[in-house]
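*Asks:* The following comprises the amino acid sequence and a computationally predicted model.
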Amino acid sequence: MRKSRWVELCLLALGLAGAGCATEQPTAVTAPPGYAAPGYPAQPVYPATPAPPGPPAQVAPTVIPGDTIPPGTRLFVGLDQPIGAGLSQPGQAYSATVVSPLVDTYGNVIVPAGAQVIGRIEQIAPAANNLPGAVALTVDALRVGGLDQPIQANIVGTDVQAPQRGIRPEWVLGGAGGGAVLGALLGGDVGAAILGGALGAGAGALISLGVSGSQAQLPAGTALAVQLTAPLSVAALHAPFHG
């Protein structure tokens, strides 16, 4: 009788244990990202979304037939920093990156894309008295391979929309409209009125900052057409300048 009672107690204990196991929920197991464990699907890995690149420049190389880059040769460049009233000061240097390489007749690069034009802010004036703000920029040197070579050149075109649509010669040289338009080249009576006198020789190109207020600026990436006014030796570009 005692043996039969002991067997009954054992069977009851086993039944209770089995019921507990039946109600226990299995633990979910998730494979680590990118890893497919046996019996589990791989979890996708989502790469970080890169910042969209700026519009590409659409400027063909300029062929230089001899050992001198002649006057009238144009370089198309994009400003490396914004320039504007309340942001820039007279005497400050600026740089712009070349997007239009110069090559010789064999295709050898003379001035590569990525070279820099170096200049300075000669004068700057905010908008006032119904006149647009303006900035006078000089062009002083061409930096190739880390070496600066003085050049004589003027800015002959601008395009403030280049950061959104890329650099194309027809847009840079097409003119930005009247003096109230940001990026327009100014001169004559308008330039004299803005600066309180005529722009002196060597003072650079006067570019409109528009009439939107003291914070108007040429954005980084603004396209400039830089035109040489004096010949430049090809050999000089690759030799240190000792001025």
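*Replies:* Thanks, I have the structure now. Because the structure is a prediction, the values reported are computed rather than measured.
*Asks:* measure residue 187 to residue 165 for me?
*Replies:* In this view, residue 187 and residue 165 are 26 Å apart by C-beta to C-beta, to the nearest Å. In this view, the C-beta of every residue, glycine as well, is placed from N, C-alpha and C.
*Asks:* go on, residue 238?
*Replies:* Distance from residue 238 to residue 165, by C-beta to C-beta: 34 Å.
*Asks:* Next: residue 119.
*Replies:* With C-beta to C-beta as the criterion, residue 119 and residue 165 are 24 Å apart.
*Asks:* So for these two, which sits in the more crowded spot?
*Replies:* residue 119 (24 against 13; other C-beta atoms under 10 Å).
*Asks:* Heading C-terminal from the helix or strand where the more buried one lies, find the next helix or strand.
*Replies:* Using DSSP states H and E, residue 119 sits within strand 116-125. Using DSSP H and E, the helix or strand that follows strand 116-125 in sequence is strand 133-144.
*Asks:* Return the list of helices and strands in contact with that next one.
*Replies:* Other elements packing on strand 133-144 under the criterion 3 or more C-beta pairs under 8 Å, 6 or more residues apart in numbering; DSSP states H and E are strand 83-84, strand 116-125, strand 147-159, helix 188-195, strand 205-210.
*Asks:* for the record, mean pLDDT for the fourth one?
*Replies:* Spelled out, that is helix 188-195. Averaging pLDDT along helix 188-195 gives 66.
*Asks:* Give me the nearest residue to residue 186, chain neighbours excluded.
*Replies:* residue 206 (4.4 Å; C-beta to C-beta, 6 or more residues apart in numbering).
*Asks:* so what's residue 55 scoring on pLDDT?
*Replies:* Confidence at residue 55, expressed as pLDDT, is 68.
*Asks:* Repeat that for residue 237.
*Replies:* 89.
*Asks:* ok, now which ones touch it?
*Replies:* 110-111, 142, 144, 147, 149 (C-beta atoms under 8 Å, 6 or more residues apart in numbering).
*Asks:* what's the closest of the residues you listed to residue 86?
*Replies:* Nearest to residue 86 out of those is residue 142 (C-beta to C-beta; 29.4 Å).
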